[in-house]
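Undergrad: Sequence plus the predicted model coming up.
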Amino acid sequence: MRRISIFGATGSVGANGVDLIRRAPGDYHVVALTGGRNIARLAQMASDLRAEIAVTAHDELLDDLRAALAGSDVQAAAGEAALLEAAARPADWILSAIVGAAGLAPGLTALAQGGVLALANKESLVCAGALLRDTGARSGATILPVDSEHSAIFQALGTDTLDSVRDVTITASGGAFRDWPLERLAAATVAEASTHPNWAMGQRITIDSASMFNKAMEVIEAKEFFGLDAARIKVLVHPESIIHAMVTHHDGGTIAHLGAPDMRHAIGYALHWPERRPLPVAALDLAALGSLTFRAPDETRWPALRLAREVMAAGGAAGAVFNAAKEQALDDFIAGRIRFTEMAPRVEATLEALSAEPGFAQDPQDLPAVLHWDGLARRKAAR
Ligand code: NAD
Ligand code: MG
């Protein structure tokens with residue numbers, strides 16, 4: 001039986017992972033499931049899957065979790081140290097699906113055990129790509145992409161090497177505001193930004209899709225994951241979200257990955273890799289779809305895409321600063337403190353201010369170094 005753990009099990013990606021495990025309970029021994037404030041959901045998942053341990057990130061919810069798990073064999077734990085203890089438990093496959101830089105520490109701990117880390121938490125690659133790769137290389141762990149575009153690149157590449165690749169293209173739906181007149185964007189509400197035309201996802205990534213910060217993060221994620229230089233990573237707006245990514249070779253051939261917008265494909269691919277097994281994902285009916293459309297990305301509408309290129313050119317701590325400033329700006333937008341169109345200028349100003357700090361040009365070497373830049377950037381962006 002394969003031992004598996006899911007970090008962020010109660011979220012959108014995590015619950016899709018739980019759904020796949022639930023369909024074949026005899027194949028897996030569930031080690032740890034973690035969540036946040038939704039204790040009822042976490043307890044239900046953990047007892048259904050007979051997990052060894054369920055962990056909430058919030059210390060003060062330990063009693064609630066214990067009560068919700070009463071009568072089951074599942075152990076309850078809470079807080080940051082408990083998350084790391086759970087990540088240190090040996091497992092063959094771990095899904096990293098916490099949202100935000102909060103996923104980095106458990107991800108690093110999990111990687112240090114070896115095994116497979118199925119990485120949905122793109123923030124950890126953006127803020128600490130080199131550290132993540134080095135940690136995995138030392139333990140012999142494998143990192144597999146779960147973000148749909150990166151899973152698509154991985155699959156489209158197959159056994160081809162980057163030498164034959166001219167460039168890769170990741171697609172973007174364009175999010176909630178792709179057709180809004182530019183002058184309306186400043187008045188966009190949180191509710192309006194929290195709807196996605198094609199994907200059902202957590203609120204934060206949905207708003208990041210409307211601002212294209214999600215795609216900006218994904219461009220950096222592609223650079224870090226595949227070791228591609230920035231000039232070879234392109235973004236294409238594709239409103240139908242059927243093509244997820246394309247790999248174009250020097251010989252003129254382009255291999256595209258297509259599929260329904262259902263995260264269970266990318267999660268399930270990573271779960272069964274290197275095999276392919278049947279998954280509960282609808283097959284495409286291209287005749288019913290009729291047509292697929294494409295547009296060039298507009299950097300006036302989506303300044304985050306330009307910022308991603310600047311972050312990749314700067315290197316060093318820029319990724320950690322970019323991610324943390326973006327998280328802070330998003331918090332401020334959700335709380336009603338800033339407008340939708342103020343997020344990108346906040347992030348840009350934070351990058352500009354912190355790029356003058358000593359050590360900015362060096363890759364953060366360890367977790368404290370990443371957290372140092374993360375903290376500086378959040379405080380700067382909040383001012
Ligand atoms: P979500 O908000 O639905 O779920 C987040 C999970 O993380 C929850 O279980 C929550 O309890 C937990 N969490 C939140 N803050 C935490 C903290 N400080 N410490 C510990 N746990 C915490 O998010 P999601 O949409 O499932 O996204 C999860 C990750 O996957 C993100 O990195 C996102 O960018 C990435 N991703 C999501 C999708 C998608 O379809 N939703 C697609 C590709 C990549
Ligand atoms: Mg994606």
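TA: Ah, there it is. Ligands and ions are numbered 1, 2, ... in the order given.

Undergrad: roughly how far apart are the closest residue to A317 other than its chain neighbours and A76?
TA: For A317, ignoring the flanking residues on the chain, the nearest one in space by CB to CB, 6 or more residues apart in numbering is W373 at 4.4 Å. (Each C-beta comes from the backbone N, C-alpha and C, glycine too.) Using CB to CB, to the nearest Å, W373 is found at 34 Å from A76.

Undergrad: ok, now which ones touch the residue in the stretch 151-300 of the chain positioned nearest to ligand 2?
TA: Here the stretch 151-300 of the chain gets closest to ligand 2 at one residue, E218, 5.4 Å apart by CB to the ion. Going by CB atoms under 8 Å, 6 or more residues apart in numbering, E218 touches K122, D147, E149, H150, I170.

Undergrad: Which helix or strand lies directly C-terminal to whichever helix or strand it is part of?
TA: In this structure, E218 sits in helix 213-226 according to DSSP states H and E. Next in sequence after helix 213-226, counting helices and strands by DSSP H and E, comes strand 233-237.

Undergrad: what helices or strands is the following helix or strand past that next one leaning on?
TA: Sequence order places strand 243-249 as the next helix or strand after strand 233-237, per DSSP H and E. When contacts are defined as 3 or more CB pairs under 8 Å, 6 or more residues apart in numbering; DSSP states H and E, strand 243-249 sits against helix 148-157, strand 165-172, strand 254-258.

Undergrad: Distance to A101 and mean neighbour count added to the ones you listed, as JSON lines?
TA: Converted to JSON lines, the helices and strands packed on strand 243-249 look like this (distance: least, CB to CB, whole Å; neighbours: other CB atoms under 10 Å):
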{"stretch": "helix 148-157", "distance to A101": "18", "mean neighbour count": "24"}
{"stretch": "strand 165-172", "distance to A101": "22", "mean neighbour count": "21"}
{"stretch": "strand 254-258", "distance to A101": "28", "mean neighbour count": "17"}
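
Undergrad: What residues sit buried inside stretch 50-58?
TA: Buried residues in stretch 50-58, defined by neighbour count with 16 or more other CB atoms under 10 Å: A51, E52, I53, A54, V55, T56, A57, H58.

Undergrad: Quick check: the farthest pair among the residues you listed?
TA: Farthest apart among those by CB to CB are E52 and H58. That separation is 20.0 Å.

Undergrad: which non-adjacent residue is nearest the residue in the chain positioned nearest to ligand 2?
TA: Residue nearest to ligand 2 within the chain (CB to the ion): D147, separated by 4.2 Å. Distances taken as CB to CB, 6+ apart put K122 closest to D147, at 5.5 Å, once the chain neighbours are dropped.

Undergrad: cool, V235 as well?
TA: P297 is the one closest to V235 (CB to CB, 6+ apart), at 5.0 Å.

Undergrad: tell me the contacts of the one you found?
TA: Counting by CB under 8 Å, 6+ apart, P297 touches A172, M212, K215, V235, L236, V237, L305.

Undergrad: Repeat the analysis, applying 6 Å as the threshold.
TA: Counting by CB atoms under 6 Å, 6 or more residues apart in numbering, P297 touches V235, V237, L305.

Undergrad: Which one of those residues is nearest to ligand 1?
TA: Closest approach to ligand 1 among those (CB to the nearest ligand atom): V235, at 15.5 Å.

Undergrad: beta partners for the closest one?
TA: Listed by DSSP bridges, the beta-bridge partners for V235 are I170.
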